[in-house]
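Colleague: no sequence for this one, just the structure:
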């Protein structure tokens, strides 16, 4: 495929599901089409024999009934009674019989006159069946039962030809980058061609009948302020609408976009009624959901074309998927937790905000008419294709390659190999920081204590934050006195908001020197003061780099997570069914998620799913009880065949019951645990691949299709004896 350097488009998805004015997700429906069947030649009446039919059918009066005689057939008035029951048309040889039957099946009305006359003459001159054995005569008679002349048959309806099945796309050859020569340090690629970002559609104004009410009176808005009002209307059912910070920030941004007249009137968000807008947006959503199969298919086809145009780039001559080619539409920022900027308007991006990175600057994608890119450059030391700075938090956003691209794969392999290298150094590092727990230099003592927590509890290092601009989340190095409490029996309780505003609440037992150090660090400090007031993340990472090349606090987290998984998987049952082995795998993954504090809220549909499983379990118990009774009944009657049947039924039901019980247990155990984060980011996939090989568990049970594409390198290069 060639990628033209024509009009830009596509963009980055945000980390949070913010509401845009025109953002829509395409329905993903496929229509299966069956190929047309080849026409079969019409079978002769001989082929309708009832040799395999039940005896009751063969001996039924209908089967013995005499077919209508031709006009020239002889009378059977003087025939013996024995022959009357099997009386058939005149004698014919087996070969001529087949020919005649075939010809009779055709309607005389449809045959040419000359051919019909010839066939009639041939039939009248054929021999009798008198010397044919009675057993064969019965079969022939039965085979013709219920047959009517061809002229009485209803013509078959012609089936409409099904639409031709779309040819399957040829799979792209896999680039085995792990077998290719590595590029020089710092260089990420040699050549790069892409189509740039895809911009969201422009705002479409609402019908005149759809407007807000202010203080109970209709108040139509200009397009700029109407677009922002529609964003708010789309969020009326969310919890954000009840938050003061959200409403305050929204109103401020909304008023900035208003005309002078609109600002003069709209001053209080509580007097605004957005229900008409909400009803209109609901109707649009319902219409999209009610789209016909054909409409969904058309939409999907358009989506596929966009993916082919913008969703693929050429990296060193190899096709690679682009991860997020669509730019975010404008919307209201939500953030995670109690973010101080929730409700702020995320502005519409223009080409003038976008930096383009490409192999050949002369072949850069063309921006939309009337616009130009902020900058076009060719930098092969980075992997992004487009970048911009968003207006809410001032963060830099990128269009990058998909997770299954080989750039991501190379980075993953390097990350896990660095974590494996730590295995050789970990004992020495632990010895060093244990000695420093008593160091007289306060910086060294704080660093050793922080490193103890990072190693033993897999805490993130943390970083500097402006709590007025960002959510108040912390890591190990920026813990405050209020986040750590010394409990009796050498136990320390941690209570703080970690990444993504997920609460870290954990009580752990520590060694006496660490307990003593925390008491020292908290002495004469206010609750809001830093616990490690002399230590920063850069200082910690600089120290770690001196211990081992590439070592950071995150490498500890990856090392401990992967080691934990490998150790937990050793308890996998050897002879269990696949479901038992997968339960063991997920339990091991759960331990890693707990270690890394990967939590989630209980899914909305959890209770309903558990209820269904409980119903299924109840039904299976009843079915097993019934099957056992049936077995006992068969045993009492000494019916060996029935006994075998019901014994097999009981075993099958017990196996189904076992699988359902495992599913029920797993559903309950994992309801608040997010397995995906550690599985995709902290666990060396080669551990899982080797485990699946050694325990005869299909890799499809461990990784879904997307994950298998991401970890293709691990699946293809891992041997059974792999050890992290």
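Modeller: Now that the structure is in, tell me what you want to look at. All values derive from a computational prediction rather than experimental measurement.

Colleague: remind me which residues of the stretch 401-550 of the chain are low pLDDT?
Modeller: Scanning the stretch 401-550 of the chain for pLDDT under 70 picks out 463-471.

Colleague: Same question for the stretch 51-200 of the chain.
Modeller: For the stretch 51-200 of the chain, the ranges with pLDDT under 70 are 51-172.

Colleague: can you rerun that using 80?
Modeller: Within the stretch 51-200 of the chain, the segments meeting pLDDT under 80 span 51-174.

Colleague: go on, the stretch 601-724 of the chain?
Modeller: 601-607, 610, 662-663, 665-676.

Colleague: cutoff 70 now
Modeller: Residue ranges of the stretch 601-724 of the chain with pLDDT under 70: 601, 672.

Colleague: is it true that residue 643 touches residue 631?
Modeller: Yes - checked against CB atoms under 8 Å, the pair residue 643 and residue 631 is within contact range at 6.3 Å. To be clear about C-beta, it is placed using only N, CA and C from the backbone, and glycine gets the same treatment.

Colleague: Residue 327: neighbouring residues, count only.
Modeller: The local packing of residue 327 (other CB atoms under 10 Å) involves 26 other residues.

Colleague: State the distance from it to residue 359.
Modeller: As judged by CB to CB, to the nearest Å, residue 327 and residue 359 stand 22 Å apart.

Colleague: Also residue 539?
Modeller: From residue 539 to residue 359 the distance is 39 Å (CB to CB).

Colleague: likewise residue 368?
Modeller: Taking CB to CB as the criterion, residue 368 is separated from residue 359 by 22 Å.

Colleague: Among those two, which residue is more densely surrounded?
Modeller: Shown here are residue 368 and residue 359; by other CB under 10 Å, residue 359 has more neighbours (19 against 12).

Colleague: What is the three-state secondary structure of that one?
Modeller: coil (DSSP: H, G, I helix; E, B strand; the rest coil).

Colleague: Now it: closest residue in space, sequence neighbours ignored.
Modeller: Nearest non-adjacent residue to residue 359, counting by CB to CB, 6 or more residues apart in numbering: residue 192, 4.0 Å away.

Colleague: burial of that neighbour, as a residue count?
Modeller: 22.

Colleague: Let me see the ranges of the helices in the stretch 251-400 of the chain.
Modeller: 260-265, 275-289, 293-310 (DSSP state H, counting those that start in this stretch).

Colleague: mind listing what the closest residue in space to residue 695 that isn't next to it in sequence touches?
Modeller: The shortest distance from residue 695 to any non-neighbouring residue, by CB to CB, 6+ apart, is to residue 581 (5.2 Å). Neighbour list for residue 581: 572, 573, 695, 697 [criterion: CB atoms under 8 Å, 6 or more residues apart in numbering].

Colleague: which of those residues count as buried?
Modeller: 572, 695, 697 (16 or more other CB atoms under 10 Å).

Colleague: And residue 290, how far from residue 230?
Modeller: Distance from residue 290 to residue 230, by CB to CB: 21 Å.

Colleague: Residue 425 now?
Modeller: 57 Å.

Colleague: For these two, indicate the residue with more neighbours.
Modeller: For residue 425 and residue 230, the more surrounded residue by other CB under 10 Å is residue 230, and the numbers stand at 25 against 13.

Colleague: Point me to the helix or strand that includes that one.
Modeller: In the assignment (DSSP states H and E), residue 230 maps to helix 223-233.

Colleague: hmm, who's touching that helix?
Modeller: With contacts defined as CB under 8 Å, 6+ apart, helix 223-233 is touched by 19-21, 203, 205-206, 211-212, 220-221, 241, 250, 253-254, 257-259, 262, 272, 274-275, 277-278, 281, 330-332, 345.

Colleague: Please compute how far stretch 251-258 lies from its chain's middle.
Modeller: 39 Å (CA atoms, centre = their mean, to the nearest Å).

Colleague: list the buried ones in that stretch?
Modeller: Those would be 251, 253, 254, 257, 258, for stretch 251-258 by 16+ other CB under 10 Å.

Colleague: Closest one to residue 420 out of the residues you listed, please.
Modeller: Proximity of the buried residues of stretch 251-258 to residue 420 (CB to CB) peaks at residue 253, which lies at 48.8 Å.

Colleague: Quick check: the closest one vs residue 274, distance?
Modeller: 15 Å.

Colleague: picking up where we left off before, any idea what the residue nearest to residue 359 is bridged to?
Modeller: Taking DSSP bridges as the rule, residue 192 bridges to residue 315.

Colleague: Surely it touches residue 317?
Modeller: No - judged on CB under 8 Å, residue 192 makes no contact with residue 317 at a distance of 10.2 Å.

Colleague: and residue 416, what is it in contact with?
Modeller: 558, 562, 684, 685, 686 are the contacts of residue 416 under CB under 8 Å, 6+ apart.

Colleague: what about it, distance to residue 323?
Modeller: Residue 416 is 21 Å from residue 323, by CB to CB.

Colleague: shouldn't residue 405 be in contact with residue 318?
Modeller: No - using CB under 8 Å as the test, residue 405 is too far from residue 318 to be in contact (9.1 Å).

Colleague: Just give the closest residue to residue 646, not the sequence neighbours.
Modeller: Nearest non-adjacent residue to residue 646, counting by CB to CB, 6+ apart: residue 631, 3.9 Å away.

Colleague: Of the contacts of residue 416, just say which sits nearest to residue 479.
Modeller: Using CB to CB, these come closest to residue 479 at residue 558, 21.4 Å.

Colleague: Now do the helix or strand harbouring the closest one: which elements does it pack against?
Modeller: Following DSSP H and E, one finds residue 558 within helix 553-568. Counting contacts by 3 or more CB pairs under 8 Å, 6 or more residues apart in numbering; DSSP states H and E, helix 553-568 is packed against helix 406-436, helix 442-457, helix 537-547, helix 578-595, helix 685-694.

Colleague: Compare those helices and report which one is nearest to residue 651.
Modeller: The closest of those to residue 651 is helix 578-595. By CB to CB, the value is 15.8 Å.

Colleague: Distance from the chain centre to stretch 545-553, please.
Modeller: 36 Å.

Colleague: what's that stretch in contact with?
Modeller: 418, 421-422, 425, 429, 432, 454, 460-461, 476, 537, 540-541, 544.

Colleague: can you pull the buried residues of it?
Modeller: So for stretch 545-553, counting by 16+ other CB under 10 Å, buried means 548, 551, 552, 553.

Colleague: Number of residues surrounding residue 453?
Modeller: 22.

Colleague: Is it in contact with residue 460, as I believe?
Modeller: No - if you go by CB under 8 Å, residue 453 and residue 460 don't touch, sitting 10.3 Å apart.

Colleague: any residues in contact with both of these two?
Modeller: In terms of CB under 8 Å, 6+ apart, residue 453 and residue 460 are both contacted by the residues residue 476.

Colleague: Reduced to three states, what does residue 508 come out as?
Modeller: Taking three-state DSSP, the label given to residue 508 is strand.

Colleague: Understood, closing this out.
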